[in-house]
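Chemist: Requesting a structural model of the entry that follows:
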Amino acid sequence: MLPDVLDEFKFQTGKELDTYFYGAFNTIKQLGTIIAASVITASLEISGYKTGACSQPESVGFALRIVMSVFPMANLLLSSIFVWKHPITEATRQQTKAAQQKTQCPSLPTMSRDVATETPSDDVVISTIT
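Modeler: Residues are numbered from 1 along each chain as shown. Just a heads-up that it's a prediction; the model follows:
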């Protein structure tokens, strides 16, 4: 989805800021990892987790259930708000793609080719392995 966001941003503003977007994406991902590890560690500490103990109190199981169910659900709801505020549908993606193709330099080769209609050159040897 990030490439679609980058394409739409370039289409709307005319600026190519791919490195900034990828940098922000990776930074936010790393911050999420740090926050998740901190929340899990804090919840285990609060619930009475004992390192190396063979049995743990019931509160540890409850804390793990909360951390592994409520927090991901809250994260999903939060991310849904961002997706809802910035929708990229198939129609808008196709519109952005068509606008980009119009602005491309016609002398440059395009990425899509019909390989089935190409004929091999004389110096290419085609062999089959049986």
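Chemist: The longest helix along the chain - contacts with which helices or strands?
Modeler: Longest helix in the chain by number of residues, with DSSP state H as the criterion: helix 18-47. With contacts defined as 3 or more Cβ pairs under 8 Å, 6 or more residues apart in numbering; DSSP states H and E, the packing partners of helix 18-47 are helix 2-13, helix 58-85. Using the backbone N, CA and C atoms, a C-beta is placed for each residue, glycine as well.
Chemist: most packed of these?
Modeler: The highest average neighbour count among these, using mean count of other Cβ atoms under 10 Å, belongs to helix 2-13 at a mean of 14.
Chemist: got any ranges where the chain has weak pLDDT?
Modeler: 104-130 (pLDDT under 70).
Chemist: run the last query once more with 50
Modeler: Scanning the chain for pLDDT under 50 picks out 113-115.
Chemist: Buried residues of the longest helix of the chain, list them for me.
Modeler: By neighbour count with 16 or more other Cβ atoms under 10 Å, helix 18-47 contains the buried residues Ser43, Leu44, Ser47.
Chemist: show me what contacts Thr89?
Modeler: Thr89 makes contact with no residue, according to Cβ atoms under 8 Å, 6 or more residues apart in numbering.
Chemist: related to what we said a few turns ago, rebuild the helices and strands packed on helix 18-47 as a markdown table, extending it with distance to Ile35.
Modeler: As requested, the helices and strands packed on helix 18-47 are exported to a markdown table (distance: least, Cβ to Cβ, whole Å):
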| stretch | distance to Ile35 |
| --- | --- |
| helix 2-13 | 21 |
| helix 58-85 | 9 |
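Chemist: Relative to Tyr20, which of those is closest?
Modeler: The stretch from these with the least distance to Tyr20 (Cβ to Cβ) is helix 2-13; that distance is 9.9 Å.
Chemist: Now do the closest one against helix 18-47: the angle between them, please.
Modeler: Interaxial angle, helix 2-13 versus helix 18-47 (axes from the mean of the first three to the mean of the last three Cα atoms, to 10 degrees): 130 degrees.
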